[in-house]
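A.B. asks: would you be able to build a 3D model of this:
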Amino acid sequence: MPIFQRLRETHPYRLLLIATLAAVVLVQVVAMAVVTQSQVRKAEAHYAASAAAAAVAPAAPARQKPSREVMKVGYAAAR
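C.D. replies: Numbers count the residues shown, from 1 in each chain. Take a look at the predicted model:
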């Protein structure tokens, strides 16, 4: 039995239900695409801002020589 013939024989409320479900699925797919596109734009703006901030940030300070008051800590091997 072909699908179109079977659809013609179904109850009108069943066709309404099928059409409604198909519309809901279509709207959800479109909503997911819009949200995904929005998130990608936000991520691109965030990475561009962080890259610009990193380019402006000063260089790391040079290491200072340890003074006598600084305690030196090291790891010892287990016995």
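A.B. asks: quick one, helices of the protein?
C.D. replies: Applying DSSP state H to the chain gives helices spanning 3-9, 12-56.
A.B. asks: right, and those - which one's nearest K65?
C.D. replies: helix 12-56 (28.4 Å; CB to CB). All C-beta spots, glycine's among them, are computed from the backbone N, C-alpha and C.
A.B. asks: mean confidence score for the closest one?
C.D. replies: The average pLDDT within helix 12-56 is 92.
A.B. asks: mind listing what H46 touches?
C.D. replies: With contacts taken as CB atoms under 8 Å, 6 or more residues apart in numbering, H46 has no neighbouring residues.
A.B. asks: for F4, see how far away it is.
C.D. replies: 50 Å (CB to CB, to the nearest Å).
A.B. asks: can you put the helices of the chain in a markdown table and add distance to K65?
C.D. replies: A markdown table is the format used below for the helices of the chain (distance: least, CB to CB, whole Å):
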| stretch | distance to K65 |
| --- | --- |
| helix 3-9 | 83 |
| helix 12-56 | 28 |
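A.B. asks: between those helices, which gets nearest to V73?
C.D. replies: Of these, nearest to V73 by CB to CB is helix 12-56, at 31.2 Å.
A.B. asks: mind checking how far the closest one is from the chain centre?
C.D. replies: 11 Å (CA atoms, centre = their mean, to the nearest Å).
A.B. asks: let's have the chain start at 115 instead
C.D. replies: Taking 115 as the first residue, the last one we looked at is helix 126-170.
A.B. asks: and A167, what does it touch?
C.D. replies: Counting by CB under 8 Å, 6+ apart, A167 has no contacts.
A.B. asks: if I look at it, how far off is R182?
C.D. replies: A167 sits 38 Å away from R182, going by CB to CB.
A.B. asks: next one: S152
C.D. replies: For S152, the distance to R182 - CB to CB - is 58 Å.
A.B. asks: and A166, by the same measure?
C.D. replies: Going from A166 to R182 by CB to CB gives 42 Å.
A.B. asks: of these two, who's got more company?
C.D. replies: The residue with more neighbours, out of A166 and R182, is A166; 10 against 4, by other CB atoms under 10 Å.
A.B. asks: could you measure from the more buried one over to H160?
C.D. replies: Look at A166 and H160: by CB to CB, they are 11 Å apart.
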